[in-house]
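K.L.:
I would like to see how this sequence folds:
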Amino acid sequence: MRFTLQHSDPASNARAGILHTDHGMISTPVFIPVGTTATVKGIHQRELRHEIKAAIILGNTYHLFLRPGIDVIRKAGGIHRFIQWDGAVLTDSGGYQVFSLAEQRKLTSEGAIFRSHIDGTEHNFTPENVVDIQRTLGADIIMAFDECTPYPCEYDYARKSMILTHEWLDRGKQRFLDTGPEYGYSQSWFPIVQGSTFPDLRKESAMRITEADMEGNAIGGLSVGEPADMMYEMIDIVTGILPPDRPRYLMGVGTPVNLLESISMGIDMFDCVMPTRNGRNGQLFTREGIINIKNEKWKDDFTPVDPSGDCFADQQYSRAYLRHLIISGEILGAQIASLHNLRFYLWLMEEARRQIQTGTFHNWKNEMISRISIRL
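P.N.:
Next comes the predicted model:
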């Protein structure tokens, strides 16, 4: 994988670049649709590629390890062939899922012993076997195994957790360097900055991750309940340390406003379940603001969901029709809403990139945030 930095915004730290992978080029900034169990909920791969215009999607190591299992995906020839996807794939390490199972896992210096949420069977993740699992899954970008601390979190615990994450970093990096891809195309391994909401820990972790000198770097442990201002403070600290010639991936974030603010601080890559999860529950993101489509006011509104969004695939569907589908529990309603929100997120990234290229990102971002924050 190569990262080419192409443009920088003169009034902020926003930047536009290209990620070169063996499954195609990815323009940054980029939002990565979340396909936890080898599917983006309610969205066909054809729609991802041609309507949403996604170049990369995300899969989850924890969930894919449990079901369908890595043997199945190996027999299929890797995740791309298994799901019939010709774009790039990123897999997270499963660390967030393992550590969210607080009552079903045991943490040791070796790794994490946990019980499956599906059938209660016991499993063990280590920095080494998580690399092995992701080698078998075959994603283009794979993640280090780390501990994601909760919020709020005591300083001593956050520091202990960060030190453990750094120890796992060394072991995971060595396994990555000692092994190779299984399917004939290259893979990149990203370490993850931790440190909770403590500036000194974030600085220390960012420096440690920089020293690993990998092809890209990630920031984890944010958007877990902390105030937005605190999240932005941590992002600003970390992006000021991570090398500018490598892509920066902010994991699990977030709202459209979160994305724009983070781009202005130098973030290149994002993922979040919000566009599909919120869409299934009737919340729609538009260029005019946020719509709760279940509200009575949309019952006989026959205008498109986003009248100003002429690039959106759902332009032919009215608010009234989508409201009817959602409140009736029709699967099509969840599909249309998810498709709309994902297209909005990717449009937002495309437009941010265009504004960076023309040197107008800063003012555009401020105007856009004021518009898309309105609840209609």
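K.L.:
Let me know the pLDDT of the closest residue to Pro275 other than its chain neighbours.
P.N.:
Closest residue to Pro275 apart from its sequence neighbours, by C-beta to C-beta, 6 or more residues apart in numbering: Asn341 at 3.6 Å. Where C-beta positions appear, they are placed from N, C-alpha and C, glycine not excepted. What the model reports as pLDDT for Asn341 is 95.
K.L.:
Pull out the buried residues from the helix or strand containing Asn341.
P.N.:
Secondary structure from DSSP states H and E places Asn341 in helix 331-358. Buried residues in helix 331-358, counted by 16 or more other C-beta atoms under 10 Å: 333-353, 355-356.
K.L.:
ok, now which ones touch Glu351?
P.N.:
Trp364, Met368 (C-beta atoms under 8 Å, 6 or more residues apart in numbering).
K.L.:
pLDDT (mean, whole number) over stretch 47-65?
P.N.:
So the average pLDDT for stretch 47-65 ends up being 95.
K.L.:
thinking again about what came up before, the helix holding Asn341: what's the following helix or strand?
P.N.:
helix 361-372.
K.L.:
Average pLDDT for that following helix, rounded please.
P.N.:
97.
K.L.:
same thing with stretch 294-310?
P.N.:
89.
K.L.:
How about stretch 181-193?
P.N.:
On average, stretch 181-193 scores 98.
K.L.:
which parts of it are buried?
P.N.:
Pro181, Tyr183, Gln187, Ser188, Trp189, Phe190, Pro191, Ile192, Val193.
K.L.:
so how far is it from its chain's centroid?
P.N.:
Stretch 181-193 has its C-alpha centroid displaced from the chain centroid by 16 Å (C-alpha atoms, centre = their mean, to the nearest Å).
K.L.:
Show the end-to-end separation of that stretch, please.
P.N.:
One end of stretch 181-193 sits 25 Å from the other (C-alpha to C-alpha, to the nearest Å).
K.L.:
And for stretch 62-76?
P.N.:
18 Å.
K.L.:
Tell me which residues of that stretch come out buried.
P.N.:
For stretch 62-76, using 16+ other C-beta under 10 Å, the buried residues are Tyr62, His63, Leu64, Phe65, Leu66, Ile70, Ile73, Arg74.
K.L.:
residue contacts, the fourth one?
P.N.:
Residues near Phe65 by C-beta under 8 Å, 6+ apart: Gly94, His123, Ile133.
K.L.:
For the last one, give its distance to Phe198.
P.N.:
With the distance defined as C-beta to C-beta, to the nearest Å, Ile133 ends up 31 Å from Phe198.
K.L.:
Tell me which residue lies nearest the centroid of this protein.
P.N.:
Asp271 (1.7 Å; C-alpha atoms, centre = their mean).
K.L.:
Am I right that that one is in contact with Gly59?
P.N.:
No: taking C-beta atoms under 8 Å as the definition, Asp271 is not a contact partner of Gly59, at 10.6 Å.
K.L.:
any shared contact partners between the two?
P.N.:
Common contacts of Asp271 and Gly59 (C-beta under 8 Å, 6+ apart): Leu90.
K.L.:
what about the stretch 101-250 of the chain, any weak spots by pLDDT?
P.N.:
The stretch 101-250 of the chain contains residues with pLDDT under 70 at 101-103.
K.L.:
quick one, strands of the stretch 1-150 of the chain?
P.N.:
Assigned by DSSP state E, counting those that start in this stretch, the stretch 1-150 of the chain shows strands spanning 2-8, 15-21, 24-28, 30-32, 56-60, 88-92, 105-107, 112-115, 122-125, 141-143.
K.L.:
related to what we said a few turns ago, can you pull the contacts of the residue nearest to Pro275?
P.N.:
Asn341 neighbours (C-beta under 8 Å, 6+ apart): Met274, Pro275, Thr276, Asn278, Gly279, Gln283, Leu284, Phe285.
K.L.:
Can you give me the distance of the residue of the chain most remote from its centre to Thr121?
P.N.:
Distance from the centre of the chain peaks at Asp300, with 35.8 Å (C-alpha atoms, centre = their mean). Distance, Asp300 to Thr121, by C-beta to C-beta: 52 Å.
K.L.:
Look up how far Leu325 lies from the residue nearest to Leu169 when sequence neighbours are not counted.
P.N.:
Spatially, and ignoring its direct neighbours in sequence, Leu169 is nearest to Pro191 (5.1 Å; C-beta to C-beta, 6+ apart). Distance, Pro191 to Leu325, using C-beta to C-beta: 43 Å.
K.L.:
Right, I'll leave it there.
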